[in-house]
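S.K.: Sequence and predicted structure, then a few things I'm wondering about:
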Amino acid sequence: MKKILSNKLLFFIPLLIIMIISFLDMYNAKYLSSLYNNNLIKQILWYIMGFLIFFVFKSINNKTIFKYANILYIVSILLLIYVLIFGKVINGARAWITIKSISFQPSELAKLSLAIILSKMANSFTSTGISSELLFIIKVGILTIIPSLLVFLEPDTGAIIFFLIIAFSILFFSDIHKFWFIILFVILGLFCASFILLYLFNRDLLINLIGTSFFYRVERLVTFKTMSSYQLENALVAIGSANLFGTGLGKVSIYIPEAPTDFVFAFSISNFGYITGYLILISFLLIDFYLIYKVVHMKKNTIKYFLISFTSIFIFGQIINIGMNLGLVPIIGIPLPFLSYGGSTLIIYFIFLIIIFNAQEKPYVNMA
């Protein structure tokens, strides 16, 4: 069992299955709208580029990558500032840098840079008392809040959640005492209670405090208004009306807005049936088991912290996206890893994998 769980095929075979399903979905997407006519070609190109980057740069020493963690973080912050000023507005968010026909989302690079710099910090941190732990937490908080605030202005709620998960997961497995998390949960509890009281009894004051735009964004999540959305209704109809094998290639049963991205799970089931839905779930579970096994058995070092951050956002992305498709959680625009259409997320995930798999093949070098 140990040999099976540690075998890289447990990761890459399910990944190839997800890739093939993604290609088939992108082919069918053009029957939803002419806007998706080039999705298949682009998705194939993104995957080719991802695998090329993986195999070409896998030989780079991780020590070199982590050596420039600060520079990478600063570059990602500058790109987030740039996109707020010059970025292209898509679906109501100024989150994309577009050069000719190529678009890039700087928040994806920010995920990678934040995971790298926090992993490096966590590995070099040694607790010498309460004050040292508090200082470490403050540093992690500042590095996390800066990109979160910039992404909030875009706005991109999904990216902010990923930043917070990266920070929380690394803090949780660091050498700080766990009573800090009790304090954190108490503070969050008080904050949520205050928000709920203001929301129920004094909305005018709440709007004055957080602004109209943010109020309505939060209200959408709090009141679950997305439950009655056109997107979700059609996604649930698509899942509910699917059979074992779906409509097949070249046919679609119902129009689902954002089908290639946010609602790709429902779109997959509609296209190729419940058997494909189960295949997607099994493929993700195998990858998750592989990553969790690596986290548990890897020596505590910079790469372990990095693997923890990747595993956390990877599994979280699956849970939220599939939950959105089933109407279990609010729609917050989080794609399904490796299955949803999009080059930025795909390429960044491949770079994550370069660092993770490179460490497994070479002796560990302390990168503090």
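M.R.: Noted; the coordinates are in hand.

S.K.: pull the CA atoms of stretch 143-157 into CSV?
M.R.: The C-alpha trace of stretch 143-157 is given here as CSV (Å, rounded to 0.1, in the frame of the first residue of the first chain):
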residue,chain,number,x,y,z
LEU,A,143,2.3,39.4,3.7
THR,A,144,-1.1,37.9,3.3
ILE,A,145,-3.2,41.1,3.8
ILE,A,146,-1.3,43.1,1.1
PRO,A,147,-2.3,40.9,-1.9
SER,A,148,-5.7,40.3,-0.3
LEU,A,149,-6.5,44.0,-0.2
LEU,A,150,-5.4,44.5,-3.8
VAL,A,151,-7.4,41.5,-5.0
PHE,A,152,-10.4,42.8,-3.0
LEU,A,153,-10.4,45.9,-5.1
GLU,A,154,-10.6,43.9,-8.4
PRO,A,155,-12.8,42.3,-6.9
ASP,A,156,-12.0,38.6,-6.7
THR,A,157,-13.4,36.9,-3.6
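
S.K.: Could I get the average pLDDT for that stretch?
M.R.: Average pLDDT, stretch 143-157: 88.

S.K.: Give me the contacts around that stretch.
M.R.: With CB atoms under 8 Å, 6 or more residues apart in numbering as the test, stretch 143-157 has contacts from 73, 76-77, 80-81, 83-84, 87, 93-95, 107, 110, 114, 117-118, 121, 159-160, 163-164, 166-167, 213, 217, 221, 332-333. For the C-beta atoms, the positions are set from N, CA and C on the backbone; glycine is no exception.

S.K.: tell me which residues in stretch 156-170 are buried?
M.R.: For stretch 156-170, the neighbour count (16 or more other CB atoms under 10 Å) marks 156-163, 165-170 as buried.

S.K.: cool, and stretch 242-255?
M.R.: Buried-residue list, stretch 242-255, by 16+ other CB under 10 Å: Ala242, Gly246, Thr247, Val252, Ser253, Ile254.

S.K.: hmm, who's touching that stretch?
M.R.: Against stretch 242-255 from outside (CB under 8 Å, 6+ apart): 24, 27-28, 31-33, 234, 237-238, 241, 269-277.

S.K.: Can you select the buried ones among the residues you listed for me in ChimeraX?
M.R.: Buried members of those, defined by 16+ other CB under 10 Å, are picked up in ChimeraX with:
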select :24,27,28,31,32,234,238,269,270,271,272,273,276,277
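
S.K.: Strands along the stretch 1-150 of the chain, start to end?
M.R.: 88-90, 93-99, 102-104 (DSSP state E, counting those that start in this stretch).

S.K.: Buried deepest among these, which one?
M.R.: Highest mean neighbour count among the strands of the stretch 1-150 of the chain (mean count of other CB atoms under 10 Å): strand 93-99, with a mean of 17.

S.K.: Show me what it is packed up against.
M.R.: When contacts are defined as 3 or more CB pairs under 8 Å, 6 or more residues apart in numbering; DSSP states H and E, strand 93-99 sits against helix 69-86, strand 88-90, strand 102-104, helix 106-124.

S.K.: between the longest one and strand 93-99, how big is the angle?
M.R.: Right, the one you point to is helix 106-124. Calculated by axes from the mean of the first three to the mean of the last three CA atoms, to 10 degrees, helix 106-124 forms an angle of 100 degrees with strand 93-99.

S.K.: Look at Leu188 and say how many residues are nearby.
M.R.: 10 (other CB atoms under 10 Å).

S.K.: should've said Ser194
M.R.: Ser194 has 12 nearby residues by other CB under 10 Å.

S.K.: tell me which element it is part of?
M.R.: helix 179-201 (DSSP states H and E).

S.K.: ok, now Ala167?
M.R.: Assigned by DSSP H and E, Ala167 falls in helix 157-172.

S.K.: Run through the residues that contact the nearest residue to Ile351 once chain neighbours are set aside.
M.R.: With CB to CB, 6 or more residues apart in numbering as the criterion, Ile351 has its nearest non-adjacent residue at 6.0 Å, and that residue is Leu112. Shown in contact with Leu112 (CB under 8 Å, 6+ apart): Leu72, Ser76, Ile348, Ile351, Phe352.
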